[in-house]
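Visitor: Return atomic coordinates for the entry below.
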Amino acid sequence: MSSLSAMRRAVCPGSFDPVTTGHLDIIGRSAGLFDEVVVATGVNVSKNRLFDPDERLAMLEEAVRPWDNVRVSGFSGLIVDFCREIGAIAIVKGLRGATDYEYELPMAQMNVHLTGIETVFLPGATGNAFVSSSLIKEVAGFGGDISAFVPDFVAERLRAKLAR
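Guide: Numbers count the residues shown, from 1 in each chain. Alright, predicted model coming up:
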């Protein structure tokens, strides 16, 4: 498809601090549903993150290599404004359970009201339902084995970061 408007582009937004196998499950499944998926991470410095924006973008670049139709971008401001800038038709969010749904639903409704950009919810795979970046950081901080929940290169960077 050569026309920008004909391409069905979606955005998978997140903090990805760090990127987990749960994130990659949603990204990979999104890649099968859309012509192009842009994995977008906020670069606002106000939020308290373990990894800075450049580190998160670098880890994401490495993590999404298996998919030809997935690219990574930083953004600031509202995700819907970023979607409009790049011509995305949808935002894709993974849901681990009812709590995620209750948190995400009002944002999805506001986004479609403001811009017409739909949110597509994908249920997280059962094995990833309890995985969050926060929990991964906590377990790693106490020396726990996180190898099943993040790519190897992420586990190495996380251990190095926490060792400082």
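Visitor: Which residues in stretch 135-152 does the neighbour count mark as buried?
Guide: Using 16 or more other Cβ atoms under 10 Å as the test for burial, stretch 135-152 gives 136-137, 140, 146, 149-151. (Each C-beta comes from the backbone N, C-alpha and C, glycine too.)
Visitor: which among these gets closest to R9?
Guide: P151 (24.6 Å; Cβ to Cβ).
Visitor: The closest one touches V64, doesn't it?
Guide: No. Using Cβ atoms under 8 Å, P151 is not in contact with V64; the gap is 10.5 Å.
Visitor: what touches both of those two?
Guide: L24 (Cβ atoms under 8 Å, 6 or more residues apart in numbering).
Visitor: Pick out the most distant pair among the buried residues of stretch 135-152.
Guide: K137 and P151 (15.1 Å).
Visitor: which element follows the longest helix belonging to the chain toward the C-terminus?
Guide: If you go by DSSP state H, the chain has its longest helix at helix 98-115. Downstream of helix 98-115, the first helix or strand assigned by DSSP states H and E is strand 118-123.
Visitor: Outside of that following strand itself, list whatever touches it.
Guide: 10, 26, 29-30, 33, 89-95, 101, 104, 107-108, 111-112.
Visitor: go again using 7 Å as the cut-off
Guide: 26, 29, 90-95, 104, 108, 111-112 (Cβ atoms under 7 Å, 6 or more residues apart in numbering).
Visitor: which helices and strands sit right next to the longest helix of the chain?
Guide: Judged by 3 or more Cβ pairs under 7 Å, 6 or more residues apart in numbering; DSSP states H and E, the packing partners of helix 98-115 are helix 79-86, strand 90-95, strand 118-123.
Visitor: right, so these: which one is the most enclosed?
Guide: Of the helices and strands packed on helix 98-115, the one with the most neighbours on average (mean count of other Cβ atoms under 10 Å) is strand 90-95, at a mean of 22.
Visitor: With that, I have no additional questions.
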